[in-house]
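> Quick one, structure for this:
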Amino acid sequence: MSLKDCEYQEERRKLKRRIFCSVLAFIFLVLFVIFLIYVILRPSKPHFVLQDVTVLALNTSSAPGFLTTNVQVTVFSRNPNGRIGVYYENLDIFATYRSQQITLPALLPTTYQGHKDVIVWSPFLYGNSVPLAPYLCDMLNQDLMTGMVLLNVKIDGRVKWKVGTWISGSYHIHVNCPAYISFCERKDCIGFGPTVKYQLVKSCTVDV
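Below is the predicted model:
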């Protein structure tokens, strides 16, 4: 190999090192800017509140070991951030009893929530003759006899943060709202009769 070829190869190696260092510096700069934005703005999790629950049906009378549920819930979310918007995507909302899902998931619409904005959802949740584990049937019957049932309204989906024109990647969000339902005044009643609306205004736990 001639001296000229050696110099050419050396120049190519130097050029590759410069390109590699430039790309690495650019990536580092972008990550540093994102870190600064996060530290300066400090995005806070949205606040969720279960405002009310309207019970149209909650009973085991259709078949032993099966639960029929028909409720409408009102949930509102507030964005506490003054400079950060929130995109909600693929949000499923459903009800559970002692960690077992008892309604089909209802899909909430994709929504953008601006600074300090409030969003209200009022979906219907249905579960027709959902089979319960045998131990849950016993627990549910005990709860029905005492006149108090704890349901949990849960939301599961994705969120994105928006700062100016920059939009973050997608993050998982999980919301859990407890709903204590006192369904009747008589100790011996089983299930619900007429539609009953419960004003709860209960704060929910939010994990992002």
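
> CA only for contacts and neighbour counts going forward, please
Noted.

> Could you find the closest non-adjacent residue to residue 195?
In space, and not counting its chain neighbours, residue 195 is closest to residue 56: 4.7 Å by C-alpha to C-alpha, 6 or more residues apart in numbering.

> Can you report how many residues neighbour that neighbour?
By the criterion of other C-alpha atoms under 10 Å, residue 56 has 17 neighbours.

> Surely it is within a helix?
No - counting by DSSP: H, G, I helix; E, B strand; the rest coil, residue 56 is not part of a helix but strand.

> Next, the distance between the ends of stretch 58-76.
23 Å (C-alpha to C-alpha, to the nearest Å).

> Give me the sheet partners of the longest strand along the chain and which way each runs.
Ranked by residue count under DSSP state E, the longest strand found in the chain is strand 148-163. Partner strands and pairing direction for strand 148-163 (DSSP bridges) are strand 85-97 (antiparallel), strand 166-167 (antiparallel), strand 171-182 (antiparallel).

> measure residue 202 to residue 56 for me?
Residue 202 is 20 Å from residue 56, by C-alpha to C-alpha.

> again, but for residue 88
28 Å.

> Ok, residue 43 next?
Residue 43 is 38 Å from residue 56, by C-alpha to C-alpha.

> Where does the prediction get shaky in this structure?
Scanning the chain for pLDDT under 70 picks out 1-10, 36-42, 61-63, 183-194.

> Show me it divided up by domain.
Following the TED database, one gets these domains for the chain: 1-41, 47-207.

> Which parts of this protein are helices?
Secondary structure of the chain, counting by DSSP state H: helices at 3-41, 134-146.

> Give the buried residues for the last one.
Spelled out, it's helix 134-146. 136-137, 140-141, 144-146 (16 or more other C-alpha atoms under 10 Å).

> so what does it touch, helix or strand wise?
Helices and strands touching helix 134-146, by 3 or more C-alpha pairs under 8 Å, 6 or more residues apart in numbering; DSSP states H and E: there are none.

> run the last query once more with 10 Å
Using 3 or more C-alpha pairs under 10 Å, 6 or more residues apart in numbering; DSSP states H and E, the elements in contact with helix 134-146 are strand 47-59, strand 66-78, strand 85-97, strand 148-163, strand 171-182.

> Output the ones you listed as JSON lines; include the columns distance to residue 18.
Putting these into JSON lines (distance: least, C-alpha to C-alpha, whole Å) gives the following:
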{"stretch": "strand 47-59", "distance to residue 18": "48"}
{"stretch": "strand 66-78", "distance to residue 18": "48"}
{"stretch": "strand 85-97", "distance to residue 18": "38"}
{"stretch": "strand 148-163", "distance to residue 18": "33"}
{"stretch": "strand 171-182", "distance to residue 18": "35"}
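
> Nearest to residue 195, out of the ones you listed?
Comparison of these against residue 195 by C-alpha to C-alpha identifies strand 47-59 as nearest, at 4.7 Å.
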